[in-house]
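K.L.:
Got a sequence here, can you model it:
(one chain, ligands or ions: 2)
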Amino acid sequence: MGADGPALAALLGRAPTVAELAAYGATRAARPATRGPAPGEKKERKRERPSSGEGRPARKRAASGGTAPPAPQAAAVPDEESESSESSDSDSDSARKRAAAAPRAASGSPAPPPPPPPAVPDEESESSDSDSDSDSESSAPGAPPTAPTAPAPAAVGPTTLVLFYAYRPSEASAQETTRAVAACARAMAAHGVTGRLRVAGEGYNATLTATRAGARAFCERALPLIDAATFDGTVDFKYVDGLPAGHALPRAKCWAVREIVTYGFPAARAPLGGGAAHLDPRAFHEALRDPESVVIDVRNANETTIGRFAPEGGARVLDPGMRRSTDFPAWVRKHRSELAGRRVLMYCTGGVRCERASAFLRAEGLAPAGQLAGGVHRYLEAFPDAGGHWVGKNYVFDRRFSHGARGAATIGACRACAEPWDRFQAGAKCDACGMEVLLCRTCQRSGGGNKKKYKGPLRCHLCA
Ligand SMILES: [Zn+2]
Ligand SMILES: [Zn+2]
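P.N.:
Ligands and ions are numbered 1, 2, ... in the order given. The predicted structure is shown next:
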């Protein structure tokens, strides 16, 4: 590891400790291994999506992402990219599909047998079990398909996923942003971190993978050195450890964007100070019991097809039916009467989409009462067994594709044959609007031969 010394020192701005060197070395060593196609893996290129919340659904895949060869470092890309990154999901799709094809059978029937032996304390198990289903989907580490439910994934695989977003205390200049992009890209390389990190004047938004140690070193040591004001110990890093090697994101991409979630309106129009209160999962859970409240699903429509909140006898869930986050402002204006005077709650995948969205409500003269802190991701960690008020899976932008509570039901259906199905793995898109749609494996293959050969008409639930 001697060779790593200088690079690490440059990164840290001081001489690295032995432990840091070791971790750094291990991180790099681990990478290559990670790359090998795991059972479900094959080509991972696809899957680039925005991070936790930012997903954007329908995008055209133009972006640099999807197919471009692994660009080692970050290049500054135009804003559009951000979105495109998501589209690159098309890749992800293929990846998913492969994944799905592999290990476990359809989500429905063969269901996850007996609940995973939770040998772990709650907190850990949560994250792990959230993945458990994904694990199964994407195939176990390199191994046999059978492992799906058994071991608590927490200790199974070598890959750690980390999701986070952070708004800066004050807007950074373009120059500062450029510098941060370069520094982050270097640090990602130094710690063996891959995935996507968007940097804007307003903040950061990331979906990254690395080794367990590499992920923590990057988030908790490197980032504070790069931007101490933002990474001051208050940022919520959502780590998911023990994922199979195939869950490692293949490329490292760090780039500048205008907004960490693309809403298309200036940040000044919806200052974060006007956002709704952050309710932790328990508090949000309680709030959902109130039948007089309304709760807005701030995610995109394709995401809602596989999972959503459904508080029985409680708050009324409003699904804006958005194809992309930029549809939000128009929806709010059109539905103002349903929101005015009500106790308005909101949620998204990991929390970031609610930040600006709730601030936007305030700017529009409405009074958002609460947003789910940490999003559905954290909620399912708090309700890992029955899922609380959540039904189905939580659509995510990493190679888990989705995760849910133990034994989560499949609430989605193939758009072609209506069979219960909840894996967006086919790269199938609505013929009319381009939004990602569910297509079961049988239908995917119905066209014969390769994946994505489905020939029939496909319409999303919004266009149908
Ligand atoms: Zn089908
Ligand atoms: Zn459509």
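K.L.:
Could you tell me how far Arg289 is located from Asn394?
P.N.:
20 Å (C-beta to C-beta, to the nearest Å). (C-beta placed from N, C-alpha, C; glycine too.)
K.L.:
what about these two, which has more around it?
P.N.:
A count of neighbours by other C-beta atoms under 10 Å puts Asn394 above the other of Arg289 and Asn394, at 27 against 13.
K.L.:
And the helices in the stretch 101-250 of the chain, which stretches?
P.N.:
Remark: helices assigned in the stretch 101-250 of the chain by DSSP state H, counting those that start in this stretch are 122-138, 174-190, 212-216, 223-226.
K.L.:
Where among those helices is average confidence lowest?
P.N.:
Lowest mean pLDDT within those: helix 122-138, a mean of 27.
K.L.:
So for stretch 329-336, what gets flagged as buried?
P.N.:
329, 331-332 (16 or more other C-beta atoms under 10 Å).
K.L.:
can you check stretch 263-278 too?
P.N.:
263, 267, 270, 275-276, 278.
K.L.:
same deal with stretch 383-393?
P.N.:
By 16+ other C-beta under 10 Å, the buried positions in stretch 383-393 come out as 383-384, 387-393.
K.L.:
quick one: Leu243 and Phe401 touch, right?
P.N.:
No: when contacts are counted by C-beta atoms under 8 Å, Leu243 is not listed as touching Phe401 (11.9 Å).
K.L.:
now the buried residues of stretch 263-278 as JSON lines including pLDDT and distance to ligand 1?
P.N.:
Listed next are the buried residues of stretch 263-278 as JSON lines, based on pLDDT from 0 to 100; distance: C-beta to the ion, whole Å:
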{"residue": "Tyr263", "pLDDT": "92", "distance to ligand 1": "34"}
{"residue": "Ala267", "pLDDT": "85", "distance to ligand 1": "42"}
{"residue": "Ala270", "pLDDT": "90", "distance to ligand 1": "40"}
{"residue": "Gly275", "pLDDT": "91", "distance to ligand 1": "40"}
{"residue": "Ala276", "pLDDT": "94", "distance to ligand 1": "39"}
{"residue": "His278", "pLDDT": "97", "distance to ligand 1": "40"}
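K.L.:
Take the residues you listed and keep only those in strands.
P.N.:
His278 (DSSP state E).
K.L.:
out of the buried residues of stretch 263-278, who's nearest ligand 2?
P.N.:
Nearest to ligand 2 out of the buried residues of stretch 263-278 is Tyr263 (C-beta to the ion; 20.9 Å).
K.L.:
hmm, stretch 429-443 in reach of ligand 1?
P.N.:
Yes: interface with ligand 1: stretch 429-443 contributes 440, 443 (C-beta under 5 Å from the ion).
K.L.:
And that stretch, end to end?
P.N.:
13 Å (C-alpha to C-alpha, to the nearest Å).
K.L.:
tell me the average confidence for it?
P.N.:
93.
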